[in-house]
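Visitor: Following is a predicted model, sequence given first.
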Amino acid sequence: MNGIEQTLIGGIAGGTAIVIPALGELTSELSGIVNLGTEGCMLAGALGAYAVTVATGSAEIGIAGGAVAGAIFGLLHAYLTVYRKADQLTSGLVIWFLALGVTGVLGTGYVNDAITPLPIVSVPGLSQVPWLGPILFRQDLLVYVGYFLVALIIFVLHRSRIGLLLRATGERPEVVSVAGIHPNVIQVVAVTVGALLAGIGGAQLSVGYVGTWFDDMTSGYGFVAVAVVLFASWRPLRVMVGAYVFGVALSAESVLQTNGIAINQYLLDALPYLVTLIALVVVSRRGGRKAPEALSRALTDVT
């Protein structure tokens, strides 16, 4: 296996830890609520998944633990912003700091614990396709979940009543209310589901891609997920591309270090973020839809 294949295989696995939370943030923002606490939800999901995996010996069950942990923090953010009318950005940062503190305290006992991470699953037939097969179809379970979620969210947003209500809530919640539907409920569900997906993204880090737990292991992934949604103009396919670009750049950093290629360490550390930012700026300049109106109003009120 050459360096390019290694980079792309690792890029898909690492990019999944951005794809799933970014799709969750997309869902939340389309309802009119931004969640800067995505980073905190990912941290909670990473620790929740790891702790449950240590307790049960099953990384698959651990994923459920990560999802629940992320959803709890998301539900708190939803309550503060929807029912208490708290500032969305401030509430998100509070969620992040809270998760950082909670995971820092509760995660101390898991630093030296060993687990069996998610196994690699080869898709029969597809994994045998030359070159692309090993890259796309010899991955862990959550990578395939990421593929599925992209297709599911595209379908739900554009081919279902649920998607119509979600997008309508993000544009004109008062119109949804006149139709006899409670926009607050839709927003709470959307934010909580988004945080649940962020928790699964954290699980991909701790029990999938990295296979261990350490303090603040998300290293800004949640903020990258929020930025990806913004630059991708709230389009699921662009979100997926941006997330995988980040994953490939992150994997390239690791492959370069492994092969002893002499590059400044600070440049290597910044590489994934720089490459993703440049790629997303280029894509966004090709045009995209505006932010949901309710979201724009909320952020304008903040500034």
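Guide: Ah, there it is.
Visitor: How about stretch 128-147, which residues are buried there?
Guide: In terms of neighbour count (16 or more other Cβ atoms under 10 Å), stretch 128-147 has its buried residues at 134-143, 145-147. (Glycine included, C-beta is placed from N, CA and C.)
Visitor: Can you tell me which of those is nearest Glu60?
Guide: Lowest distance from Glu60 to the buried residues of stretch 128-147 (Cβ to Cβ) belongs to Leu141, with 7.0 Å.
Visitor: Name all residues that make contact with that closest one.
Guide: By Cβ atoms under 8 Å, 6 or more residues apart in numbering, the residues touching Leu141 are 60, 63, 118, 121, 208.
Visitor: hmm, which two among those are most spread apart?
Guide: Those two in the contacts of Leu141 that are separated most widely, counting by Cβ to Cβ, are Ile63 and Val121, at 13.5 Å.
Visitor: These two: which has the busier surroundings?
Guide: Ile63 (27 against 13; other Cβ atoms under 10 Å).
Visitor: which other helices and strands contact the helix of greatest length in the chain?
Guide: The single longest helix within the chain, with elements called by DSSP state H, is helix 3-30. Helix 3-30 sits against helix 38-56, helix 132-137, strand 138-140, helix 141-159, helix 161-171, helix 183-203, helix 221-231, helix 236-258, with contacts defined as 3 or more Cβ pairs under 8 Å, 6 or more residues apart in numbering; DSSP states H and E.
Visitor: tell me which element Trp96 falls in.
Guide: helix 88-106 (DSSP states H and E).
Visitor: and if you look at Val121?
Guide: Using DSSP H and E, Val121 sits within strand 120-122.
Visitor: List the residues that contact Gly211.
Guide: 115, 117.
Visitor: That one: helix or strand, and which one exactly?
Guide: Counting by DSSP H and E, no helix or strand carries Gly211.
Visitor: What are the phi and psi values at it?
Guide: Phi and psi for Gly211, reported as degrees, to the nearest 10, are phi 80, psi 20.
Visitor: any idea how far it is from Leu295?
Guide: Distance, Gly211 to Leu295, by Cβ to Cβ, to the nearest Å: 36 Å.
Visitor: Next: Arg235.
Guide: Relative to Leu295, Arg235 is positioned 15 Å away (Cβ to Cβ).
Visitor: Look at these two and report which has more neighbours.
Guide: Taking neighbours as other Cβ under 10 Å, Arg235 and Leu295 compare with Leu295 leading, 21 against 17.
Visitor: Need the nearest residue in space to that one, chain neighbours excluded.
Guide: Gly32 (4.8 Å; Cβ to Cβ, 6 or more residues apart in numbering).
Visitor: hang on, the one you found packs against Gln187?
Guide: Yes. In this structure Gly32 lies within contact range of Gln187 using Cβ atoms under 8 Å: 6.2 Å.
Visitor: Overlap of the contact sets of those two?
Guide: Counting by Cβ under 8 Å, 6+ apart, the residues touching both Gly32 and Gln187 are 169, 173.
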